[in-house]
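1. structure for this input, please:
(one chain, ligands or ions: 1)
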Amino acid sequence: MASKFQAPRGTFDVLPAQARARARLQAIADGIFQRAGYETIQTPSFEQTDPFERGVGKSTDIVRKEMFTFEDKGERSLTLRPEGTAPICRAYLEHGMHKQAQPVKLSYVGPFFRHERPQAGRYRQFHQLGIECIGTASPLADAEVIMLLSDLLGELGVPGVALRLGSLGSLDARAAYLEELKAHLHRHEGDLTPDVRERIDINPLRAFDSDDDRVQGVMASAPTMLEALSGEDAEHFAEVRALLDAAGISYEIDPTLVRGIDYYTRTIFSFVCDALRAQSEIGGGGRYDGLIEQLGGPATPAVGWAAGIERILLALDEEEPGAGRDAFVAIADPEQRGRAMALVTELRNAGFSAEMDLGGRGLKGQLKHADRIGAARVLILEADGSAQLRDMTSGEQRVADTGNLLGEMTGGEA
Ligand code: HAM
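-> Numbers count the residues shown, from 1 in each chain. Next comes the predicted model:
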């Protein structure tokens, strides 16, 4: 009977078949991160609200509408983390990582929370994995992090992936450009939708994201940050592109690329997958050279990305088959239970996967169950103390010496 309770809206249960697909993804990501020297960091699921307001930005949708914010018993404002970069920068400063050899290269995985309108690929609790390379402004770091996400999606076999690349320039250049953009939007206020008009002065870049035809018309003639890029910013972007070219990574320059977070400077990128339709971004990120200073630390350039685990799995559209078991120990007589448990333990201690019946089935039922869970062999303990080993693929059965169980297991190998 179905319970009247369900997982809250926008959340989901990860069932074993999906957990296996996640474990495969995680193992591939761990290998890539480890080989490139990115070490694991874990931060709490909730943080003080302030780092998100400062870092992600007060004018963003995330801070304005999507944070799960609450007060603790001491009336301190806390927030379920909507993203991982601001907390990692908080931890970088708190633990004096700025005094270590730079850059500090970190990887992470875990749940994140945004109060968004749920739909396929968009949830209120979702999971990201990501990396942050903190303490270097070198374009090599931008190229390295982009290459690692490209490698990950390639190794997983995510189909139809495209990389979009843009640059927002340094903080000063961006501020000057934003004034130009605001002036353009004010000139065309009559053609803008109320939400875009309302945000001209607080978040003009979001106008590029509007799907309204008239707004798109206004944006087609808007100045872009890429055109305004000059000096060291332009050089930095050219070097990132040259490094990606040299690595054979294809990308599309997107002059209107914007992200929903305020801390970005210079390089921004987005990996999209056409199979995902509306929520097509599988992962993305960029450089955030001003964030650590904004959180009270020394000026520290950094770059990173995060990818949505659910979106990757949706794009792959596959579940991992179960692994089966090496052995199942069946009993012909309930008296043999203790012996069966000792043998199962012996097998497990030797590294085999092994199970026995926990449900009080008869011998026939046990054999059926062993078949269902994909046991390669079944050891049948008879009432008289003898034992039989059955190969479940060939159906062959022979007398087995339980005093030499491990030998029987390996000797029985085809
Ligand atoms: P973000 O673009 O907000 O960036 O999120 C990164 C990825 O998380 C998205 O590309 C998407 O795959 C996934 N994602 C975001 N929201 C949802 C949702 N509601 N449901 C399912 N998946 C979602 C960041 O969070 C930055 N911290 C990335 C970064 C790291 N930038 C620099 N370093």
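
2. how close does the residue of the stretch 301-414 of the chain at minimum distance from the ligand get to residue 127?
-> In the stretch 301-414 of the chain, the residue that lies nearest the ligand is residue 308 (2.5 Å; Cβ to the nearest ligand atom). Glycine gets a C-beta too; all of them are placed from N, C-alpha and C. Note on residue 308: its distance to residue 127, by Cβ to Cβ, to the nearest Å, is 7 Å.

3. among those two, which residue is more densely surrounded?
-> residue 308 (24 against 21; other Cβ atoms under 10 Å).

4. in the sheet, who's paired with the more buried one?
-> On the basis of DSSP bridges, residue 308 is bridged to residue 128.

5. grab the nearest non-local neighbour of residue 97.
-> Leaving out its chain neighbours, the residue that sits closest to residue 97 by Cβ to Cβ, 6 or more residues apart in numbering is residue 104, at 4.9 Å.

6. number of nearby residues for the one you found?
-> By other Cβ under 10 Å, the residues close to residue 104 number 21.

7. show me where the stretch 151-300 of the chain has helices.
-> For the stretch 151-300 of the chain, the helices defined by DSSP state H, counting those that start in this stretch cover 171-187, 194-198, 213-220, 225-228, 231-246, 291-294.

8. could you say which of those helices is packed most deeply?
-> helix 291-294 (a mean of 21; mean count of other Cβ atoms under 10 Å).

9. kindly report the residues of the stretch 151-300 of the chain close to the ligand.
-> Applying Cβ under 6 Å from any ligand atom, we find that the stretch 151-300 of the chain lies next to the ligand at 259-261, 281-286, 288.

10. of all those, which two lie farthest apart?
-> Spanning the widest gap among those are 282 and 288, at 19.9 Å by Cβ to Cβ.

11. around the ligand, which positions in the stretch 301-414 of the chain sit nearby?
-> Counting by Cβ under 6 Å from any ligand atom, the stretch 301-414 of the chain sits next to the ligand at 304-308, 310-311.

12. taking those residues one by one, which sit in strands?
-> Mapping these onto strands (DSSP state E) picks out 304-308.

13. need these in a markdown table with pLDDT, can you?
-> Converted to a markdown table, these look like this (pLDDT from 0 to 100):
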| residue | pLDDT |
| --- | --- |
| 304 | 98 |
| 305 | 98 |
| 306 | 98 |
| 307 | 98 |
| 308 | 97 |
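
14. just the buried subset of those, please.
-> In terms of neighbour count (16 or more other Cβ atoms under 10 Å), the buried residues within those are 304-308.

15. show me which of these is closest to residue 24.
-> Nearest member of those to residue 24, counting by Cβ to Cβ, is residue 307, at 14.8 Å.

16. list the contacts for the closest one?
-> Residue 307 sits next to 128-130, 149, 152-153, 271, 282-284 when contact means Cβ atoms under 8 Å, 6 or more residues apart in numbering.

17. name the nearest residue to it, sequence neighbours excluded.
-> residue 283 (2.9 Å).

18. just residue 91 next, same as before
-> Using Cβ to Cβ, 6+ apart, the closest residue to residue 91 is residue 43 (5.4 Å).

19. ok, the one you found touching residue 83?
-> No: at 11.0 Å, residue 43 does not count as touching residue 83 under the criterion of Cβ atoms under 8 Å.

20. just want to know which of those two has more residues nearby.
-> Shown here are residue 43 and residue 83; by other Cβ under 10 Å, residue 83 has more neighbours (20 against 17).

21. mind checking what secondary structure residue 69 has?
-> Following DSSP: H, G, I helix; E, B strand; the rest coil, the label given to residue 69 is strand.

22. for it, what are its contacts?
-> By Cβ under 8 Å, 6+ apart, the residues touching residue 69 are 49, 77-80.

23. for residue 295, what are phi and psi?
-> Residue 295 adopts backbone torsions of phi -90, psi 10, taken as degrees, to the nearest 10.
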